[in-house]
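Q: Just the structure for this:
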Amino acid sequence: MAIRDNAPPQQLAFDLPANPRYGREDFLVGPANATAYGLVEAWPNWPDTVCLLTGPPGSGKSHLASIWATRTHAWTAPVAEVAGARVPHLVSNGALVIEDIDRPEGRDEAALFHLLNLARENGSPVLLTASLPVEALGLATADLRSRLRLAPGATILPPDDALLRAVLVKLFVDRQLVVDLAVVEALALRIDRSLGRARAVVAELDRDALGRGRRITKPLALAVLARLGFGAEEDEGGMDEAEDAAS
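A: Numbering: from 1, shown residues only. A predicted model of the protein is given here:
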């Protein structure tokens, strides 16, 4: 039985942003991210003034950084804003989050190294985030590479099944979408073990359902997964298809 719902959307779908919540109570902790969460919660009892948080895109680094920034009243800046003249100003607030140090575009290695040294001198805590480990950052400055290797840190791992399902539910809730548990199960069984992938698939489902003017059902989810190249299997639930056709 072929998966239906492959027709293009018939209504205009506005790509409105979701309303994610980045509070401490909104962060879902599991084995994959417990060490990273523990690092954030351990402040101010850090073993160093600088700590490094790594994990794949969409894994929750920015959420954890936001939790820590709220606790420490830290400024948050992308690595491209770390430039020579701005370093003293950035450190002057006390606590600082530098995001995405793995992005080479606009990254000033000399300025970043200066910032880390100045933060250590001033006793100012700095939380760095990166999608790649230090060895894969392509740093040309040996001193900076060495400094980051010595920085205590934590890595967010791919989520287990329970965390993936919980995050999928949260992503739907953040978008004020009500779906059956069967939709969550269908997604969890087929998508990559990646929170970034989960976020992208839920966003695509939201756009598709809005464009069609219908709710998200399991057949619709399977059709969208197939369109995205996840090879969703044919659905044996004829009742699901009948339900979707009547939506």
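Q: For this protein, give me the ranges with low pLDDT.
A: In the predicted model, the chain carries pLDDT under 70 at residues 1-22, 231-247.
Q: any chance you could map the strands in it?
A: 50-54, 75-78, 96-99, 126-130, 153-155 (DSSP state E).
Q: Tabulate these in TSV, adding columns for mean neighbour count and distance to residue 202.
A: Placement of C-beta: from N, CA and C, glycine included. As requested, those are exported to TSV (neighbours: other C-beta atoms under 10 Å; distance: least, C-beta to C-beta, whole Å):
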stretch	mean neighbour count	distance to residue 202
strand 50-54	23	24
strand 75-78	16	25
strand 96-99	23	23
strand 126-130	24	22
strand 153-155	20	24
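Q: Redo these as a markdown table? Include distance to residue 226.
A: As requested, the strands of the chain are arranged in a markdown table below (distance: least, C-beta to C-beta, whole Å):
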| stretch | distance to residue 226 |
| --- | --- |
| strand 50-54 | 33 |
| strand 75-78 | 36 |
| strand 96-99 | 35 |
| strand 126-130 | 34 |
| strand 153-155 | 33 |
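Q: Of all the ones you listed, which one is nearest residue 116?
A: Closest to residue 116 of those, according to C-beta to C-beta: strand 50-54, at 5.5 Å.
Q: Using PDB, write out every CA atom in that closest one.
A: Presented in PDB, the C-alpha positions along strand 50-54 are these (Å, rounded to 0.1, in the frame of the first residue of the first chain):
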ATOM      1  CA  VAL A  50      37.100  28.600  30.800                       C
ATOM      2  CA  CYS A  51      35.000  25.600  29.900                       C
ATOM      3  CA  LEU A  52      34.200  24.100  26.500                       C
ATOM      4  CA  LEU A  53      30.800  22.600  25.500                       C
ATOM      5  CA  THR A  54      30.800  20.500  22.300                       C
END
